[in-house]
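> coordinates only, no sequence provided:
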């Protein structure tokens, strides 16, 4: 049963999601890989929605001045702090009911840490990582363990969000990769000097907000078992165009993503 405090906190969304819906969210586990422009905003929305456990994963990166105009979660007092640590501290001020676990490191490192079993049993994994190799790692894990997966990215005025409700039974992020993408991933695995997968694309504040909002809505729908009618959403904020498109599972998917 929800307490009176929680009933009051969610009184605007209870007519839509129901008390049972909010109780279900309070018992859910969401993993977020990447706490940048998209991930930090998505993280805050999950905390405000009262997700039971939120695992926030980000490499050993600190909050810098250029983060403050696009990543609303961080403040000037957070400058110099590791993003995962700053996120956890801010979350405590937003909603003390949410159990936030922060991990400083890559997603691959996190799933080989003491958090492995918790991540494997998560209800949802979200990747907001600015390189293809990181996305590959998250998608591969979600596919192997059958965990619903969301992915988002931005560039200039463009936004993109992927929704994969069941990576084993339907398409997954790897199904969006072509032969050239796989070749670049292979080169990244084999050569530590290769760094062009870490190129930072130019972006404006508003694109990160839009993608985070799309991912948050889809996250709530997935966690509550609502149908998701598409696999990809693309937006161009300069022309205010939005496209939705279904992704088909490709040959590599049927072969188990070797």
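Perfect, thanks for sending it. Predicted, not measured: the structure shown is a model, and the values here were computed from it. Numbers count the residues shown, from 1 in each chain.
> tell me, what residue is most central in the chain?
By C-alpha atoms, centre = their mean, the chain has its centre lying nearest to residue 126, at 2.6 Å.
> now the strands: where do they sit in the stretch 101-250 of the chain?
Here the stretch 101-250 of the chain has its strands, by DSSP state E, counting those that start in this stretch, at 124-127, 149-155, 158-164, 232-236, 241-245.
> helices along the stretch 101-250 of the chain, start to end?
Secondary structure of the stretch 101-250 of the chain (DSSP state H, counting those that start in this stretch): helices at 107-110, 116-120, 132-145, 179-190, 205-223.
> taking the mean pLDDT, what do you get for the third one?
Along helix 132-145, the predicted confidence averages to a pLDDT of 90.
> elements contacting it?
Contacts defined by 3 or more C-beta pairs under 8 Å, 6 or more residues apart in numbering; DSSP states H and E place helix 132-145 against helix 107-110, strand 124-127, strand 149-155, helix 179-190. No exception for glycine: its C-beta is placed from N, CA and C like everyone else's.
> and those, which one averages the lowest pLDDT?
The weakest mean pLDDT among the helices and strands packed on helix 132-145 belongs to helix 179-190, with a mean of 67.
> quick one: closest of the strands of the stretch 101-250 of the chain to residue 226.
strand 158-164 (11.6 Å; C-beta to C-beta).
> strand partners (parallel or antiparallel) of the closest one?
According to DSSP bridges, strand 158-164 forms sheet pairs with strand 149-155 (antiparallel), strand 232-236 (antiparallel).
> and of those strands, who's closest to residue 96?
That would be strand 149-155 among these, by C-beta to C-beta, at 25.8 Å.
> could you tell me the angle between that closest one and helix 205-223?
170 degrees (axes from the mean of the first three to the mean of the last three C-alpha atoms, to 10 degrees).
> i'd like the first residue to be 7 from this point on
Understood, numbering begins at 7; the last thing we discussed is strand 155-161.
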